[in-house]
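Enquirer: Coordinates only, no sequence provided:
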């Protein structure tokens, strides 16, 4: 009771005030960014004068440095291959199985085909692996590879480089072979690759058609 009287006297003389709680200062709200309105105009387009110039065309199209190709088709033995147009077609083999092409005295191409005849009458026809073994017995072979029924052999012979690609299909061996002066090696590297990759047979035509019919008759007889 005495304590209440003392508190009443203190409040009467000095005044009683509630304890104030310090206020926290809040950060200002972020500024609102207003994007400018999108332009209705389309983006600028480069004019022809601002575009990069096209690559220069070959100065000498149809040359070893800038070759163009023509498709050679042998309808008798049913195969075809791309041959550079700077090669000149020469006289074909009398039996129609081969066609040579020449680039002056610098290079020669021969596209040809032959039956896969057995070495002896009583022997079966040779396999691709056996034929590959024969093809790689040449002198100075620098590269050789066999993949399924196709093989490639490269090397040098009589002072020239050579490239050959052969395939065995329908009992017929088909080959493209190129021999050329070593001075043309750089220019001819993509050329021989193109020619080899373009070699293909044409089933159902020429001797392949006849052989296919004969094989069907033989199978039926068995």
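Expert: Yep, it's here. Computed from a predicted structure; not experimentally measured.

Enquirer: Just the strands from this protein, written as ranges.
Expert: Secondary structure of the chain, counting by DSSP state E: strands at 69-74, 79-84, 88-89, 98-103, 107-115, 141-147, 150-157, 160-169, 172-180, 200-201.

Enquirer: Neighbouring strands of the first one in the sheet, and parallel or not?
Expert: In this case it means strand 69-74. strand 79-84 (antiparallel) (DSSP bridges).

Enquirer: Kindly report the same for the longest one.
Expert: With DSSP bridges as the criterion, the sheet partners recorded for strand 160-169 are strand 150-157 (antiparallel), strand 172-180 (antiparallel).

Enquirer: Of all the ones you listed, which one is nearest residue 84?
Expert: strand 172-180 (9.7 Å; CB to CB). All C-beta spots, glycine's among them, are computed from the backbone N, C-alpha and C.

Enquirer: relative to strand 98-103, how tilted is that closest one?
Expert: Orientation of strand 172-180 against strand 98-103 (axes from the mean of the first three to the mean of the last three CA atoms, to 10 degrees) gives an angle of 10 degrees.

Enquirer: roughly how far apart are residue 157 and residue 86?
Expert: Distance of residue 157 to residue 86, given as CB to CB, to the nearest Å: 23 Å.

Enquirer: So the two - more neighbours on which side?
Expert: Just comparing residue 157 and residue 86: by other CB atoms under 10 Å the higher neighbour count belongs to residue 86, 20 against 12.

Enquirer: Surely the more buried one and residue 65 touch.
Expert: No - counting by CB atoms under 8 Å, residue 65 is not a contact partner of residue 86; they are 10.1 Å apart.

Enquirer: what ranges of this protein fall below the confidence cut-off?
Expert: The chain contains residues with pLDDT under 70 at 1-57, 211-222.

Enquirer: do that again at 90, thanks
Expert: Where the chain drops to pLDDT under 90, the residues are 1-65, 93-97, 117-125, 139, 203-222.

Enquirer: of the strands of the chain, which approaches residue 190 most closely?
Expert: So among the strands of the chain, strand 79-84 is nearest, using CB to CB, at 10.5 Å.

Enquirer: which other residues reach the closest one?
Expert: By CB atoms under 8 Å, 6 or more residues apart in numbering, the residues outside strand 79-84 that reach it are 62, 64, 67-74, 101, 103, 109, 111, 113, 174, 176, 191, 194-195, 198-202.

Enquirer: about what we covered before: mind putting the strands of the chain into JSON lines with distance to residue 124?
Expert: Shown next, in JSON lines, are these (distance: least, CB to CB, whole Å):
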{"stretch": "strand 69-74", "distance to residue 124": "26"}
{"stretch": "strand 79-84", "distance to residue 124": "23"}
{"stretch": "strand 88-89", "distance to residue 124": "36"}
{"stretch": "strand 98-103", "distance to residue 124": "25"}
{"stretch": "strand 107-115", "distance to residue 124": "13"}
{"stretch": "strand 141-147", "distance to residue 124": "19"}
{"stretch": "strand 150-157", "distance to residue 124": "19"}
{"stretch": "strand 160-169", "distance to residue 124": "13"}
{"stretch": "strand 172-180", "distance to residue 124": "15"}
{"stretch": "strand 200-201", "distance to residue 124": "21"}
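
Enquirer: Ok, which of those strands comes nearest residue 130?
Expert: strand 160-169 (9.8 Å).

Enquirer: Show residues contacting that closest one.
Expert: Contacts for strand 160-169 (CB under 8 Å, 6+ apart): 116, 127-128, 131, 135, 149-156, 173-182, 185, 188, 192, 195-196, 199, 201, 208.
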